[in-house]
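J.: No sequence on hand, only this structure:
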């Protein structure tokens, strides 16, 4: 489930959020329970987020003073209020069954002080997945930074097997930039869950503390739309403190796992075409996952030819490996569109250039339980693949892009194969 929430919340688990486009559901049947008053609160999430951003803006501005005192006067500039993340997906399947269309959407807004690089983000979602949260990133100096946050909400499982009536979480991360290319960080994430289990008609609560250590190495020529270089991250995560126990057996469940993410970019002869590849492995070294951490395949974070959660609802799978490749090519460029009415916000937007590029892609994924039996035919597993194409609209001066993909299944178990496409829309690149 936390793969579902990874980008929606903070990009917390398994480094999935850099992609982050699978979240709340609009236009689908509401089979989950709704607490009195929550529906009204979260149906107005956009107004709440904007109001919170406006309210926090002066507080946020005051908090920059200590850092500003140590910076050159010309480096301190005004706060910028903007949408930091908005996206969703349009699927031809829901929970492995054909149903078209099905839409998931989410929204986030940010205040960023470009003099201190502090960022305050308000984020939320509506409909079946309802939450509101805040995240605050503060650079302490040129090397160290700290990020804190909190959220509250309610939501169903991506597989519709349980309903979280209450989910409250926090976040505290401390990181250090070792040099130009390497960063190390440590993170603590406390959770409180109050949930209904539909399969055994039971309501339970538990608390949990997740801990994470991460290493990043970034040798890309640039972070936005890279054309050459390599990116690698290694994460070790676990839940050493947890009151969770499997409701049917009473067994305490803990895990120690890791995520490896390798990406490469290459432009032949420094031409306009870019080849991008990614390989990602999410493994459990010891213990096992609980039902909230289960792996799945399908969706734009794993295999774009399928709807989110199309594979993995038949059991709790412990391990997942995915691979993707894209060929990105230019279509046309626009020197600038007239946005003079936004010049009060940022002078660079008075004339905003953008590029339209295309992409063709292929994705594959493998899902299994026993770490040592990944390709044992006698062990339960899923192997799937999809391919398709998409459009990216790039705004280099803002460091942002809007993307849309459509993917078709090309390989899957016969009982799960579908001919319906999956359509994804999101900010940023898939990797």
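T.: Cool, got the structure. All figures in this text were calculated on a predicted structure; none of them were measured in a lab.
J.: which stretches of the stretch 101-250 of the chain have low pLDDT?
T.: Within the stretch 101-250 of the chain, the segments meeting pLDDT under 70 span 101-106, 127-128, 199.
J.: can you give me the strands for it?
T.: If DSSP state E, counting those that start in this stretch is used as the criterion, the strands of the stretch 101-250 of the chain fall at 118-125, 130-139, 144-156, 162-177, 182-197, 202-218, 229-242.
J.: Which elements pack onto the second one?
T.: Using 3 or more C-beta pairs under 8 Å, 6 or more residues apart in numbering; DSSP states H and E as the contact test, the elements touching strand 130-139 are helix 2-9, helix 38-43, helix 45-63, strand 118-125, strand 144-156. Yep, even glycine has a C-beta here, placed from its N, CA and C like the rest.
J.: For residue 251, grab the count of nearby residues.
T.: By other C-beta atoms under 10 Å, the residues close to residue 251 number 11.
J.: Might one say that it is in contact with residue 245?
T.: Yes. In this structure, residue 251 is within contact of residue 245 by C-beta atoms under 8 Å, at 6.0 Å.
J.: for the closest residue to residue 304 other than its chain neighbours, what are its contacts?
T.: Computed as C-beta to C-beta, 6 or more residues apart in numbering, the closest residue to residue 304 that is not its neighbour in sequence is residue 407, at 3.8 Å. Residue 407 sits next to 303-306, 361, 363, 386-388, 421-422, 424 when contact means C-beta atoms under 8 Å, 6 or more residues apart in numbering.
J.: Recalculate using a threshold of 6 Å.
T.: The neighbours of residue 407, taking C-beta atoms under 6 Å, 6 or more residues apart in numbering as the test, are 304-305, 386, 388, 422.
J.: What strands line up against the stretch of helix or strand it belongs to, and which way round?
T.: Using DSSP states H and E, residue 407 sits within strand 400-411. Paired neighbours of strand 400-411 in the sheet (DSSP bridges): strand 381-395 (antiparallel), strand 422-427 (antiparallel).
J.: Just name the most buried of those.
T.: Per-stretch averages of neighbours, counted by mean count of other C-beta atoms under 10 Å, single out strand 422-427 among those, with a mean of 23.
J.: distance between it and the chain's centre?
T.: 13 Å (C-alpha atoms, centre = their mean, to the nearest Å).
J.: partner residues bridging residue 210?
T.: Taking DSSP bridges as the rule, residue 210 bridges to residue 189.
J.: I figured it hits residue 239, correct?
T.: Yes. The criterion here is C-beta atoms under 6 Å, and residue 210 meets it with residue 239 at 5.1 Å.
J.: From residue 260, how far out is residue 364?
T.: Using C-beta to C-beta, to the nearest Å, we find residue 364 at a distance of 16 Å from residue 260.
J.: These two - which one has more neighbours?
T.: residue 364 (20 against 15).
J.: ok, so what distance separates that one from residue 409?
T.: As judged by C-beta to C-beta, residue 364 and residue 409 stand 11 Å apart.
J.: And residue 243, by the same measure?
T.: For residue 243, the distance to residue 409 - C-beta to C-beta - is 40 Å.
J.: Among these two, which residue is more densely surrounded?
T.: residue 409 (26 against 11).
J.: mind listing what the residue nearest to the more buried one when sequence neighbours are not counted touches?
T.: Distance criterion C-beta to C-beta, 6+ apart; nearest residue to residue 409, sequence neighbours excluded, is residue 305 at 4.5 Å. Residue 305 is in contact with 386, 407-409, counting by C-beta under 6 Å, 6+ apart.
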